[in-house]
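> Let me see the structure of the following:
(2 chains)
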Amino acid sequence: METATTERSLSQPMRTPEVPARGRQVGEASPVPATTPETLIRIRDLTLRYGDKVALSKIDLDIAKHRVTAFIGPSGCGKSTLIRCLNRMNDLVDGVSVAGSIYLGDTDVYDSRTDVVALRRRVGMVFQKSNPFPKSIYENVAYGLRIGGVRRKAVLDEAVERSLVAAALWDEVRDRLGDSALSLSGGQQQRLCIARAVAVEPEVVLMDEPCSALDPIATAKIESLIHELRSRYTIVIVTHNMQQAARVSDLTAFLYLGRLIEVAETDRIFTAPQKRETEDYITGRFG
Amino acid sequence: MKSLWKSGDPFVWLSGGALALSLLMVAGLIGLVLRNGFGYFWPGDLVELGLRSGRVVLGEIVERQAIPDPGAAVGERVRYRVQVKQGNRDAYGADFLWIDEDDVVRQRQPADAVVIERREWGNAYGFVTAVKEGDETVARGADAWRALHSRLPETTRLTQEIRDVETGTIGAISYEQERIRVQLRGLQRRNVLDPEKVRVLEDRARELQAAYDQELARLALLRARLTGAAILAVAGAGERVVPLEQIVRAERPNEMDIGEKLAVYLSKVWEFVSANPRESNTEGGVFPAIFGTVMMVVVMSILVVPLGVLAAFYLREYARQGAFVSAVRIAVNNLAGVPSIVFGVFGVGFFIYTIGGSIDRFFYADALPTPTFGTGGILWASLTLALLTVPVVIVATEEGLAAVPRGAREASLALGATKFETMWRVVLPAVLPSILTGLILAMARAAGEVAPLMLTGVVKLAPALPLDGFAPFLHLDRKFMHLGFHIYDVGFQSPNVDAARPMVYNTTLLLLLIVLALNLTAIVLRNRLKRRLTVSAV
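Okay, the predicted model is just below:
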């Protein structure tokens, strides 16, 4: 765990034209370059419309490598839409238009020449409702590898075990890998989905309210799993639950009505929010 | 009143009543079929009736009914009449006879009365008085019955051997001869007068002709051995000669106990499902029709499933949803409302004349003017029915596609699968049960359809099955028999309606059983798939 003092200087400021910028401008040199974590994803001036309706407005946000970034905000604020921009899952929705840019490392995500299939192999995703395939546990985890052309049994076996271990599910299912994934409990299914996502070794794992359908015990398991995973993956999580954001994330971004209001390290957001809307939301005055 | 309606009770009665009515009608239909069909094969007792006119009638009583008399006073005694199957069509001219019960003065069941099922002219009823071998009488009186039964197995074996030669050996020779004729014609047509080739073919044709003549001689020898005959005393028609090779079975039902009758019953049922028809389909079996029906449904299924599934995938997964796609969908659904005979006409015009005609011109030109594919056949009938049932498969598949959870598709796409990989590996397996549902409905519809088949390849009597031992084994160009058409033909085109009626019911029953069997197979398969797809969480 990073200490609060270092994290403070690491936080990436947001910038929206409507709201006067706080702190440094985007692209300004960091005051403590030596400990600045690498920025993996750069979102610049991102505006997304569903038909005529503006869902995201001029978002600027940097997401740090090997950190957990949480998106919070009231329902309909655009946090799920934003996370789905990162692996272009929004492409599946009719009538979506996107302006601005997102860079994953050097890759321009929304460039027309970008291979979406290759992008999604780098940016895995876990969904709100656990959605294992109606296949065996083994086949669920091996799915992404098989799609990627891996045929050798030994490679698949190794990857399945590694992923299930990483998702803290191995001990529970090691004796019944051939059983249907649908025979697992809700929390196990969600961890299976995480194992499935990490099996293809992505750089980023997106989690869209991964615990909203789970009971507190299953939620606790997923949260501790997120702690484990962040040493190897960059994690972006959308959550309704502010305690959860406080527990699992290093950085928190607050979105409201399609705009990014504030982003800072999590401690700061919850103890000393800079914006009025943020404070109102986290103190429960609305949302 | 209003509160009664609100309470929902009337709705329960209404819905329950509707279900009960539907069940009643279906049960009534099946009951009618069972009652009229099942009894037919049971060997009934033979009754000898002495009539007031002095005439004697021997036969089975098949029906008894009140004589309709609209002028009768109330309370007047109702008179009855019975229908007797007297057989011996060659002697009497008619198999069935109505007799007023009032005319019957004497009735008995002679133990030695005999029913002989013949290959021609229907049943014969009477008393066996003698058995002859050529002109020589070998047994007389009480011994005749035993002599008849001791000779029957050998005669049956001989007739079977004759049939084997006729259809097997001679059939194979004819098939080969026809092929050589077509080859020779092809050489002539292309002006390839390569004398060497022609000579080889002609030599082969001469060999075949020699073999053919040899087989004919063998047949004549076999036939010469069939000399036995039974002499049957027939009521009111003197003594009739029944050649032994004409006898399918000869029984004395009045002497038989229940076990023997059951054995005869089962052997008749087995004959019905396994033998070829006789007597313009009113007797014998319906095996070619069973075979044709099942094969047509199978070929249709093989054609309709890929067509319907691919069309549904395009409509639901690739086409941009909008007014045009909705219009296409409505049009496809309404295709099911087009009268089936119209599909038959389309089948004739498009499949047979256009496609079949072209195939003949390009690939079977040597056989012309005899058409190969340019005439009705099982392929064209199956294709026509595939067209008729494709809306069912499309609708069922589309509904299945709409029910595949979005989450499953997204999970696959998020793992870097392309749209095609997602459909192939996730959507298609999930939609298989729906496809099978569509197939079940399509099969039930196709198996019972008759009208389009009459135009596209069904015949009253097919000389050969569409699947046999001659290469290429599967003959999709052949005409075939079908149970549904068999029902129509036997029931409404038969010269002997009374004799044919039980066959109609039995054929209906058989068709129902076949549809049931086909559907059960698909249902079992579907449930197995469904179980694999939806194991509930523990």
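
> The helix or strand where residue B:97 lies packs against which elements?
Using DSSP states H and E, residue B:97 sits within strand B:96-100. The helices and strands touching strand B:96-100, judged by 3 or more CB pairs under 8 Å, 6 or more residues apart in numbering or on different chains; DSSP states H and E, are strand B:56-66, strand B:80-85. Every C-beta, even on glycine, is put in place using the N, C-alpha and C of the backbone.

> Tell me if I'm right that residue B:286 and residue B:274 touch.
No: if you go by CB atoms under 8 Å, residue B:286 and residue B:274 don't touch, sitting 9.2 Å apart.

> Neighbour count for these two, which is higher?
residue B:286 (27 against 11; other CB atoms under 10 Å in any protein chain shown).

> What pLDDT is listed against that one?
At residue B:286, the model reports a pLDDT of 87.

> how much space between it and residue B:460?
12 Å (CB to CB, to the nearest Å).

> what touches both of the two?
residue B:481 (CB atoms under 8 Å, 6 or more residues apart in numbering or on different chains).

> Measure how buried the spatially closest residue to residue A:200 that is not a sequence neighbour is and give me the count.
Nearest in space to residue A:200, with sequence neighbours left out and distances taken as CB to CB, 6 or more residues apart in numbering or on different chains, is residue A:144 at 3.9 Å. The number of residues packed near residue A:144 is 27, by other CB under 10 Å.

> follow-up on the earlier one: quick one, which of the helices and strands packed on strand B:96-100 is packed in tightest?
The highest average neighbour count among these, using mean count of other CB atoms under 10 Å in any protein chain shown, belongs to strand B:80-85 at a mean of 18.

> Any buried residues in the helix or strand that that one is followed by, and which?
Downstream of strand B:80-85, the first helix or strand assigned by DSSP H and E is helix B:89-92. The neighbour-count check on helix B:89-92 (16 or more other CB atoms under 10 Å in any protein chain shown) flags B:89, B:91, B:92 as buried.

> Run through who's touching helix B:89-92.
For helix B:89-92, contacts defined as CB under 8 Å, 6+ apart pick out B:86, B:95, B:121, B:122, B:234, B:237, B:240, B:496.

> can you check stretch B:468-482 too?
Contacts with stretch B:468-482, where a contact means CB under 8 Å, 6+ apart, come from B:172, B:175, B:286, B:288-289, B:291-293, B:295-296, B:299, B:372-373, B:375-379, B:381, B:450, B:453, B:457-462, B:464-467.

> ok, 6 Å please
Contact with stretch B:468-482 is made by B:175, B:288-289, B:292-293, B:372-373, B:376-379, B:453, B:457-459, B:462, B:466-467, as judged by CB atoms under 6 Å, 6 or more residues apart in numbering or on different chains.

> Ok, stretch B:493-510 next?
So stretch B:493-510 is contacted by B:33, B:36-37, B:40, B:95-96, B:282, B:286, B:483, B:486-487, B:490-491 (CB under 6 Å, 6+ apart).

> For the residues you listed, point out the one with the lowest pLDDT.
When those are sorted by pLDDT, the bottom entry is residue B:282 at 76.

> Quick one: name the residues of the stretch 301-450 of chain B near chain A.
B:407, B:408, B:411, B:414, B:415, B:416, B:417, B:418, B:421, B:426 (CB under 6 Å from any CB of the partner chain).

> Narrow those residues to those in strands?
Assignment to strands by DSSP state E places none of these there.

> if I pick the residue of chain A found nearest chain B, what's in contact with it?
The minimum distance from chain A to chain B, using CB to the nearest CB, falls at residue A:131 (3.3 Å). Counting by CB under 6 Å, 6+ apart, residue A:131 makes contact with B:407, B:408, B:411.

> now residue B:284
Contact analysis of residue B:284 by CB under 6 Å, 6+ apart lists B:275, B:277, B:278.

> Need phi/psi at the closest residue to the first one other than its chain neighbours.
Residue nearest to residue B:275 in three dimensions, not counting chain neighbours: residue B:285, with 3.2 Å by CB to CB, 6+ apart. As for residue B:285, its main-chain torsions (degrees, to the nearest 10) stand at phi -110, psi -180.

> Contacts only, for residue B:285.
So residue B:285 contacts B:271, B:272, B:274, B:275 (CB under 6 Å, 6+ apart).

> Just the buried residues from these, in PyMOL please.
PyMOL command restricting these to the buried ones, with burial defined by 16+ other CB under 10 Å:
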select buried, chain B and resi 271+272
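
> for the contacts of stretch B:493-510, which one is nearest chain A?
Distances from chain A to the contacts of stretch B:493-510, taken by CB to the nearest CB, are shortest for residue B:483, at 38.9 Å.

> Pull the number of nearby residues for the closest one.
Close neighbours of residue B:483, defined as other CB under 10 Å, add up to 24.

> how close does residue B:97 sit to residue B:46?
Distance from residue B:97 to residue B:46, by CB to CB: 14 Å.

> Among the two, which residue is more densely surrounded?
Neighbour count, other CB under 10 Å: between residue B:97 and residue B:46, residue B:46 has more, with 24 against 15.

> can you give me the strands for the stretch 1-150 of chain B?
Here the stretch 1-150 of chain B has its strands, by DSSP state E, counting those that start in this stretch, at B:47-51, B:56-66, B:80-85, B:96-100, B:104-108, B:114-118, B:123-133, B:136-140.

> any chance of the ones you listed in JSON lines, with distance to residue B:249 too?
Converted to JSON lines, the strands of the stretch 1-150 of chain B look like this (distance: least, CB to CB, whole Å):
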{"stretch": "strand B:47-51", "distance to residue B:249": "20"}
{"stretch": "strand B:56-66", "distance to residue B:249": "15"}
{"stretch": "strand B:80-85", "distance to residue B:249": "16"}
{"stretch": "strand B:96-100", "distance to residue B:249": "21"}
{"stretch": "strand B:104-108", "distance to residue B:249": "24"}
{"stretch": "strand B:114-118", "distance to residue B:249": "5"}
{"stretch": "strand B:123-133", "distance to residue B:249": "10"}
{"stretch": "strand B:136-140", "distance to residue B:249": "19"}
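
> isn't residue A:259 right up against residue A:56?
No: the pair residue A:259 and residue A:56 fails to qualify as a contact (CB atoms under 6 Å) at a distance of 8.0 Å.

> for the chain, which spans come out with low pLDDT?
Going with chain A. For chain A, applying pLDDT under 70 flags the ranges A:1-37, A:286-287.

> Wait, chain B was what I had in mind.
B:1, B:192-193, B:534-538.

> For chain A, what is the nearest residue in it?
residue B:407 (3.3 Å).

> Can you report how many residues lie near that residue?
Neighbours of residue B:407 under the rule other CB under 10 Å: 16.

> In contact with it, which residues are there?
So, once contact is read as CB under 6 Å, 6+ apart, residue B:407 ends up touching A:127, A:129, A:131.

> Understood, closing this out.
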